[in-house]
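# Predicted structure and sequence below. I'll ask about it afterward.
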Amino acid sequence: TVKVMLDNLKTGVLEHPLGLPPRFNPRYLDFAAHHGFSPVACQVRKGNEKGRVESGVGYVKKNFLNGLDIPSFSALNPAARQWMDTVANVRIHGETHCKPIERFAQEKLLLRPLPAMPYDCAVLRPTSANGCCRVILDTNRYIVPYLYASQKLTLKTYPDQLLL
């Protein structure tokens, strides 16, 4: 089983008391199962457990972003792509002693395809429709079909839509 290490982010780890096993978010566990990996939470206050990630962030900050004068946010992606193609991915990596682009070519053969069906990332919220055929989500009111008036419902919310 593939393992993915988490830095105790709340979407993945609900709590992780010092010295005790973590309590994972059930939705995150469902997401992990859908994609075929097992989450592993870093120990609390053990920054050394995620050193590879942190050192990668430091490398980008020191070698790409340091002194960079980008006129707009839209210019950032092309600049990053050029830097990756001409510097980052063609250098000899300090730990692996090979070029990242060559290492990725080897590892790419081991990658599995994503599941045929995407993960349903909707947030489920219990609610009730009032007698005027409306449900309230946050501070917004939405009209529902008259058959749902005064009924208990479950809202399925996405960033761009709301379903019953």
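Ah, there it is.
# Pull the distance from the lowest-mean-pLDDT helix or strand in the chain to the chain's centre.
When each helix and strand of the chain is scored by mean pLDDT, DSSP states H and E, helix 51-60 comes last, with a mean of 79. In this view, helix 51-60 has its centroid 18 Å away from the chain centroid, taken as CA atoms, centre = their mean, to the nearest Å.
# how about that helix as PDB, C-alpha atoms only?
C-alpha atoms of helix 51-60 as PDB (Å, rounded to 0.1, in the frame of the first residue of the first chain):
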ATOM      1  CA  GLY A  51      12.300  17.400   6.000                       C
ATOM      2  CA  ARG A  52      12.300  16.400   2.300                       C
ATOM      3  CA  VAL A  53       9.200  18.500   1.700                       C
ATOM      4  CA  GLU A  54      10.500  21.400   3.700                       C
ATOM      5  CA  SER A  55      13.900  21.300   1.900                       C
ATOM      6  CA  GLY A  56      12.100  21.300  -1.500                       C
ATOM      7  CA  VAL A  57      10.200  24.400  -0.500                       C
ATOM      8  CA  GLY A  58      13.400  26.000   0.600                       C
ATOM      9  CA  TYR A  59      15.100  25.100  -2.700                       C
ATOM     10  CA  VAL A  60      12.300  26.900  -4.700                       C
END
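# Low-confidence ranges, the chain, go.
Within the chain, the set of residues satisfying pLDDT under 70 comprises 47, 52-53.
# Quick one: the helices in it, in order.
Taking DSSP state H as the criterion, the chain carries its helices at 26-35, 51-60, 76-83, 100-108.
# Give me the phi and psi for the residue lying farthest from the centre of the chain.
Here the chain reaches farthest from its C-alpha mean at residue 131, the gap being 39.0 Å by CA atoms, centre = their mean. Dihedral pair for residue 131: phi -70, psi -20, per degrees, to the nearest 10.
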